[in-house]
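Student: need a structure here:
(chains A, B, C and D)
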Protein chains: 4
Amino acid sequence: MIIVLKPEATPADLDHLTETLKAKGLSVNISRGKERTVVGAIGDERVLTDLPLSVYPGVESVHKILQPFKLVSREFKKADTVITFPNGVTIGGPEIQVMAGPCAVESEEQLLYVAERVKKAGAKILRGGAFKPRTSPYTFQGLGEEGLVHLSKAREKTGLLVITELMDPRDLPAMMEHTDIIQIGARNMQNFRLLFDVGEVNKPVLLKRGLSATIKEFLMAAEYIASRGNQEIILCERGIRTFETMTRNTLDLNAVPVLKSLTHLPVLVDPSHGTGRWDLVTPMARAGVAAGCDALMVEVHNNPEQAFSDGEESLKPDKFDRLMEEVRKVASAVGRFVA
Amino acid sequence: MIIVLKPEATPADLDHLTETLKAKGLSVNISRGKERTVVGAIGDERVLTDLPLSVYPGVESVHKILQPFKLVSREFKKADTVITFPNGVTIGGPEIQVMAGPCAVESEEQLLYVAERVKKAGAKILRGGAFKPRTSPYTFQGLGEEGLVHLSKAREKTGLLVITELMDPRDLPAMMEHTDIIQIGARNMQNFRLLFDVGEVNKPVLLKRGLSATIKEFLMAAEYIASRGNQEIILCERGIRTFETMTRNTLDLNAVPVLKSLTHLPVLVDPSHGTGRWDLVTPMARAGVAAGCDALMVEVHNNPEQAFSDGEESLKPDKFDRLMEEVRKVASAVGRFVA
Amino acid sequence: MIIVLKPEATPADLDHLTETLKAKGLSVNISRGKERTVVGAIGDERVLTDLPLSVYPGVESVHKILQPFKLVSREFKKADTVITFPNGVTIGGPEIQVMAGPCAVESEEQLLYVAERVKKAGAKILRGGAFKPRTSPYTFQGLGEEGLVHLSKAREKTGLLVITELMDPRDLPAMMEHTDIIQIGARNMQNFRLLFDVGEVNKPVLLKRGLSATIKEFLMAAEYIASRGNQEIILCERGIRTFETMTRNTLDLNAVPVLKSLTHLPVLVDPSHGTGRWDLVTPMARAGVAAGCDALMVEVHNNPEQAFSDGEESLKPDKFDRLMEEVRKVASAVGRFVA
Amino acid sequence: MIIVLKPEATPADLDHLTETLKAKGLSVNISRGKERTVVGAIGDERVLTDLPLSVYPGVESVHKILQPFKLVSREFKKADTVITFPNGVTIGGPEIQVMAGPCAVESEEQLLYVAERVKKAGAKILRGGAFKPRTSPYTFQGLGEEGLVHLSKAREKTGLLVITELMDPRDLPAMMEHTDIIQIGARNMQNFRLLFDVGEVNKPVLLKRGLSATIKEFLMAAEYIASRGNQEIILCERGIRTFETMTRNTLDLNAVPVLKSLTHLPVLVDPSHGTGRWDLVTPMARAGVAAGCDALMVEVHNNPEQAFSDGEESLKPDKFDRLMEEVRKVASAVGRFVA
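Tutor: Numbering: from 1, shown residues only, chains lettered A, B, ... in the order given. A predicted model of the protein is given here:
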């Protein structure tokens, strides 16, 4: 950590600061410039995380040198993390996986129909919400545990892996039984207790980036999970909040190569939530793959007009077939492949 | 709801749309312009919330006419909500209440010392975190239930009301025992299950605006609580996320008069989290009162240099004394008062 | 235009409003719902642009039905605009054009060296700033007219077309002589007088999206140019300002398919300014092409370490060679081609 | 400047870096930590502004120690700048000045009527746009020089000082003749050539913060003006662009105390443009004064319904009278005064 002193800092200020640093086990390098004195704290600056050095007397600014995340960092583990499921499906390897399905599980028939269609098109993982975070308390909140049971059945009948969102720690036992990947939604990215909970189970977690989360905060949320032992984490870019209103969110594809450079974890792109418009899903899915993502998540509904939620951004099965064809070509152009 | 058709919409598209609207119990007004046909759906448009009309064939855009919140709206209840505690303290009346105390409860002595000081300065409510949402899993996460017990004792000894944050539904029973106001933090503003939970208890809730929550979403989160019966809700503006980095967040004081016009609920301003800088807390507290807020929340610490969290934005007790004096004058200038 | 009245609006308010609309030549449709009365203004709502209807007595909200841009809209002209230069180079057709070169023209030799390299790699247009908008007044501001002359020479020697930025109307005559495309920078996107100026000349204009410009404002800026007669406009997405700090800007690739649906004008992506990091330029260039852009702009410098500006985001010629190879493959995967 | 090396940086990388720094006249301090080597460049780091050190081999990150602005900084000049006009009016002293008037000059009569009213209410400076930056090319663009003449006349008749916006360098001579303060609008905050132009004249400049300008960029724009000699600059906070849509912009009052700490220049708040809603102007004007601003700018129109522009945010003269009364009380509560 680098601490810059104000021009008017006194020798007593400097002493007080250096003693504080030494008391934390760090050694100190002092560099006196013409305009400012600069203090370098040598050692693991993470011991200083809780210390508000910027309000110490005489301190002008504080500059951190190390990233605050550790276990999830590329520095800690150079090689890409590849998550391998019992049926051999991998996420993070050369194959780009596609997760597809309805926003919400609405009925067994609906789910099965969509599952068969997305499977035929090449998806190996079925998505579907049983517990739905909705902006209004007066709208459909998901089928709950009944939805989990439908997912289990669809998994059984189709051989697809299933992923669904966990909103409440009290639902975790049921999730452990019925799903292959636990999704933590964007609105819960900093629900730290929930992160600790899924950090202690033995099941891959898909962590969605919060609407206004910086990439650093996103990785710190992943670090929460990893710090409790579960390191099978998939990072999902699903759009951030900006001033633009033509799209529901602004899918931030820059995050894909940035994350790939900072972390060993696989990166997934969700163009459905990322844009909120079905007509943008296919071009942004292609772009996500071209940017280097490891997986895609796409909302597919048999009849978007009648969807209980997110009909605006859902593709009909025929359109999803075409998305898969187009994505397949782009994957090949960047040295990857899609089933 | 107003639905605008594309120039190329067919009569069949129009029929399909109007039948859908009528099936929902709405009547229909069709206005054919030179450039567009416009369909008005007459009746309670909230029955359409789940329907993705914007992807219906021939539809160009959809315009909602009513706000999506109801119970918390000024239209539903004209008069200001005033929350009255058993000891006579009110929030939402002419008196501006100040909640003050340390970011985190660190020990019984610390809490008691700060409690006595803020009480002497005029605060009637003591804040202090027992469960702390921290960006890093490696930092102090709060004393947990022990912290709640310290708060209880401080309440007993000082007569102050206490407020603390709830992060996990499993802690709700302990909260009910030890605190007077339940705080829902910014990161949990859309933790909808938790909102339902606190909507079912008989205790005032302070709901903090999420970092990237629009005012409409903020009010919808309050509506979640109100929809379950608990209508004693205090809305807290505590800074939004913008591109500016000189402040940790951008305290959005515009939200104060906007909220006062849209809702009957009391509005509180938190200049400590809103700016992240102790030197901005006093001017922004003054400005919050001048903008029309009903309450303030201020972090005060006996020794910010050694604070376990948020030392950067905490005031020392002496500085808090001065803040109270200045706020008192501004309150008086706008026809309110501070104890 | 749709005007929603407040519940408490009086008959006199309604009369006053409808008379105002009729006086503007519009006819009126009144729809009385249970909760609100809604007034539809039938005719060309653009006559109402200057009228602040939202503050008329009894008015609750105003909803526009038509987009405010006209000449640049896809509705006005269905077919893609293809700009064709005297040497046969096209922008907006099946070939994806690449504009490349140094951020700033630094010397004749530098420019010529880079020009030869980018030409060899497949670029057909040379970029290079003669007038540089810099955040500090104490840094290199460009060679000015001398830079224009170097560009002219490079054009002569290599046969490349050249593009450079216009910052001041007083430089327009020199620009007309020395350049093939006039660039309007992001900071001048709403320098409306300058837009009118380039709207009156007979030379293609590349208009960069402002850092905080919505897509609608971006198209209105293009409309400014088009309204004066010059309809050869290339729209450039170059990153918007968000809260994320890992990238200098957030390249908004969502804008590519959105723009292609709203306007007939060609769309270019600038991954160099869009990200501010050379290591992100190639993946984001690939992604831009996959998203459907018509052209790319890339900063290439012989020696980024010594660049007078934007060295952080400039590619060395060898890296640019590889970018072109990769982009070529993605272009082919989406049915386009790169020379 | 502090340069942090990557763990894998070689001795050659370090040598290359230190030689570069020494060649620029800086001395070097090297601190070798367990995880990183850190290089401190001692001397005036502004000589490094143009150097892209972050892309030097082996460099991980670069941290600037000094603010990039100099002449406008509080460090350069401790005492507040007070601008004094020939008629004795001051900006930046204990008196809070109010600039008021119509968004656009529409006619001589309109301007005179509003001028008399705002003067009577206590304003000493008349605002009114002769050249109007409008988002649409099809709307009223201002009366141009005729508007300037009206302003001159109003000044003569009322004794008010006048301020109006400069959009184009070619209008500067006329501005010098007819106005007392030159306004640079938000959209031109980084029109650097225009900033240099007004930096060379002998007349106070009101510089508006750009919609997405950081405070640092805002001060650098002021530095552009100051660097050419004109140091009579008033900084205007007028709202930034965020995701919130209930207000046209988000008036960022945090900027007031932040600017007052960083610069000696006076700070003005414009609640009219800052919110875009007339009903928010008065509370936000009060809040601006409570936050510590030195001046206010308020749009006042005799008949907002018929205003040629910005009718939504204009106050009627009666409402402006009340605003002045309320602002007067708040000013007094914070130790300032309004005429």
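
Student: contacts, neighbours, all on C-alpha from now
Tutor: OK.

Student: As a check, name the ranges of all strands in the stretch 151-300 of chain A.
Tutor: Secondary structure of the stretch 151-300 of chain A by DSSP state E, counting those that start in this stretch: the strands cover A:161-165, A:181-184, A:205-208, A:233-237, A:267-269, A:295-299.

Student: Would you tell me whether the third one gets close to chain B?
Tutor: No. Between strand A:205-208 and chain B, judged by Cα under 8 Å from any Cα of the partner chain, nothing touches; the nearest distance is 14.1 Å.

Student: Could I have the CA atoms of that strand written out in CSV?
Tutor: Extracted C-alpha coordinates of strand A:205-208, given in CSV (Å, rounded to 0.1, in the frame of the first residue of the first chain):
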residue,chain,number,x,y,z
VAL,A,205,-22.6,-22.0,-8.5
LEU,A,206,-23.4,-19.6,-11.3
LEU,A,207,-22.9,-16.1,-9.8
LYS,A,208,-24.6,-13.2,-11.7
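
Student: that older thread, Throw the strands of the stretch 151-300 of chain A into a markdown table and include mean pLDDT, thanks.
Tutor: As requested, these are exported to a markdown table (pLDDT from 0 to 100):
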| stretch | mean pLDDT |
| --- | --- |
| strand A:161-165 | 98 |
| strand A:181-184 | 98 |
| strand A:205-208 | 98 |
| strand A:233-237 | 98 |
| strand A:267-269 | 98 |
| strand A:295-299 | 98 |
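
Student: and among those strands, the most buried is which?
Tutor: strand A:267-269 (a mean of 29; mean count of other Cα atoms under 10 Å in any protein chain shown).

Student: and that strand, which strands flank it?
Tutor: With DSSP bridges as the test, strand A:267-269 is paired with strand A:233-237 (parallel), strand A:295-299 (parallel).

Student: Using CSV, lay out the ones you listed together with distance to residue B:76.
Tutor: Shown next, in CSV, are the strands paired with strand A:267-269 (distance: least, Cα to Cα, whole Å):
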stretch, distance to residue B:76
strand A:233-237, 39
strand A:295-299, 37
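
Student: How about the residues of the stretch 101-250 of chain A by chain D?
Tutor: So far as Cα under 8 Å from any Cα goes, the stretch 101-250 of chain A lies against chain D at A:241, A:242, A:243, A:244.

Student: Give me the subset of the residues you listed that also touch chain B.
Tutor: residue A:241.

Student: Of the residues of the stretch 101-250 of chain A next to chain D, which is the nearest to chain D?
Tutor: residue A:243 (4.3 Å; Cα to the nearest Cα).

Student: My guess is the closest one contacts residue C:212. True?
Tutor: Yes. If you go by Cα atoms under 8 Å, residue A:243 and residue C:212 touch, sitting 7.5 Å apart.

Student: Compare the two (neighbour count), which wins?
Tutor: Using other Cα atoms under 10 Å in any protein chain shown as the criterion, residue A:243 and residue C:212 rank with residue C:212 on top: 24 against 20.

Student: who touches the more buried one in this structure?
Tutor: Residues in contact with residue C:212 (Cα atoms under 8 Å, 6 or more residues apart in numbering or on different chains) are A:243, C:240, C:241, D:211, D:212, D:241.

Student: pLDDT score assigned to residue A:59?
Tutor: pLDDT recorded at residue A:59 is 95.

Student: State the number of residues packed around it.
Tutor: 22.

Student: Read off the pLDDT value for the spatially closest residue to it that is not a sequence neighbour.
Tutor: Leaving out its chain neighbours, the residue that sits closest to residue A:59 by Cα to Cα, 6 or more residues apart in numbering or on different chains is residue A:5, at 4.5 Å. Note on residue A:5: pLDDT of 95.
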